[in-house]
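J.: build me a model:
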Amino acid sequence: TPKENTNLNITPFTYIITDENGNEFASAGTVDSDIKVYATWEIDGTDTLKELIERTKAGVEEIIITDDIVIDQPIYISYKTNIYSDGDYTLKRDPGYKGDFFVVGEDKSGFLAAITNKGAELNLGNGQGILTIDGNRDNTTVTVNGALVFASDSATVNIYDGVRLVNNEKLENSRIFEHQ
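T.: Predicted coordinates for the structure are as follows:
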């Protein structure tokens, strides 16, 4: 029977147990001889800002974007995190949000990941789809002072094919902390 993992402290996934022929394994009854069973795992998609923030905060390594998401607060990356898309989806700035999208290598208090031995790394792309990160320049109602990606001294950011960074305009050369 398919099982959905709802614990966000580990990689969100769905799995199914089958026999060697791909038939669903019936776990009812008594097993009285050696058998082989197989587990098929699929990483669950991320389609809300709440899920995206919870999964990055918990250190989930593989995050698949499966819907458009409006960003109205920073997403802190303190671990190795791969974010990609399985379709054509957009992470778009809320018109009233002026801060950073991804803050790599710092937590919401400004502590560096290197100090806590976490090794922050953000990898964007390398999935099957196109992931657009849209600063929404033409529709913002505030003066934007945040970057699409902010990386601290100790952080690593890799952007691969299939990722578009578009429509960002940072009008002030200052940085603010916007706490979650």
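
J.: any weak-confidence spans in the protein?
T.: Under the criterion pLDDT under 70, the flagged ranges of the chain are 1-17, 25-29, 37-43, 111-118, 172-180.

J.: so where do the helices sit in it?
T.: Using DSSP state H, the helices of the chain run over 49-57.

J.: dihedrals phi and psi, the residue with the largest distance to the centre of the chain?
T.: Residue farthest from the centre of the chain, counting by C-alpha atoms, centre = their mean, is Asp32 at 43.6 Å. Geometry field for Asp32 lists phi and psi as phi -120, psi 10, criterion degrees, to the nearest 10.

J.: that one and Asn123: what is the separation?
T.: 47 Å (C-beta to C-beta, to the nearest Å). Where C-beta positions appear, they are placed from N, C-alpha and C, glycine not excepted.

J.: check Ser152 too.
T.: Distance check for Ser152 against Asn123: by C-beta to C-beta, it reads 16 Å.

J.: between these two, which one's more packed in?
T.: Regarding Ser152 and Asn123, a neighbour count based on other C-beta atoms under 10 Å identifies Asn123 as having more, with 19 against 16.
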